[in-house]
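Undergrad: for reference, the sequence and a predicted model appear below.
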Amino acid sequence: MSERVKWDELTPEQRDRLVAEKVMGWEAKECNGAIGEKPNSPDGWYCLECGYDGGWGSSTKHEGMPPHYSTEMNDTWKLVEKMTSRMGYQDITFEWHGPLFKPEHNYLTQEGYPLGTTCWYVIIVHDGLREFICADTPQESICKAALKAVGVELE
């Protein structure tokens, strides 16, 4: 049975962690990255390795953060590379397109879209069936499609 997730209710950090764990095989562990001072903030630090934010009064020990797959295209390309390498043995194809004008009415979900809005979409083809995954950014559509390809159902 596949896992069901309410994507729209997740924060960007939760989305990144979900993709990292389910698609990339990432596991949370203590990060040993170098600490740097936050620009324009005399009371804060950040990890140069994973980007964790901390304050000078707190310990610099922290759990590493996953890459920003759902917001940073450089990180999303790592996801695309991983999915592309997996496709051969899973018999799935994975292609992305966009931007595309959203239809005035989505007949699958019965949602309406304002005319003139656009989305990015990824097509997953598995067992001869084509599925379209639409989102507002290419990063988000790729993340959602990758999760779908590994069996995570998104609501």
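TA: Right, received. Where do you want to start?

Undergrad: which residues of the protein fall in helices?
TA: Along the chain, counting by DSSP state H, helices occupy 12-22, 73-90, 138-149.

Undergrad: how is the chain partitioned into domains?
TA: 3-25+68-154, 30-63 (automatic domain parsing).

Undergrad: let's have these in TSV, adding mean pLDDT and mean neighbour count.
TA: For the C-beta atoms, the positions are set from N, CA and C on the backbone; glycine is no exception. Listed next are the domains of the chain as TSV, based on pLDDT from 0 to 100; neighbours: other Cβ atoms under 10 Å:
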stretch	mean pLDDT	mean neighbour count
domain 3-25+68-154	78	15
domain 30-63	81	12
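
Undergrad: closest one to residue 121 among the helices of the chain?
TA: Closest to residue 121 of the helices of the chain, according to Cβ to Cβ: helix 138-149, at 5.6 Å.

Undergrad: so what angle separates the directions of that closest one and helix 73-90?
TA: 30 degrees (axes from the mean of the first three to the mean of the last three Cα atoms, to 10 degrees).

Undergrad: chain center to helix 138-149, what's the gap?
TA: From the chain centre to the centre of helix 138-149 is a distance of 6 Å (Cα atoms, centre = their mean, to the nearest Å).

Undergrad: list the helices and strands that helix packs on?
TA: helix 12-22, helix 73-90, strand 92-101, strand 118-126, strand 129-135, strand 152-154 (3 or more Cβ pairs under 8 Å, 6 or more residues apart in numbering; DSSP states H and E).

Undergrad: tilt between it and helix 12-22?
TA: Going by the same axes, to 10 degrees, helix 138-149 makes 40 degrees with helix 12-22.

Undergrad: can you list the residues that contact helix 138-149?
TA: 5, 7, 15, 18-19, 22-23, 69-73, 76, 79-80, 82-83, 86, 90, 92, 94, 96, 98, 119-122, 124, 126, 131, 133-135, 154 (Cβ atoms under 8 Å, 6 or more residues apart in numbering).
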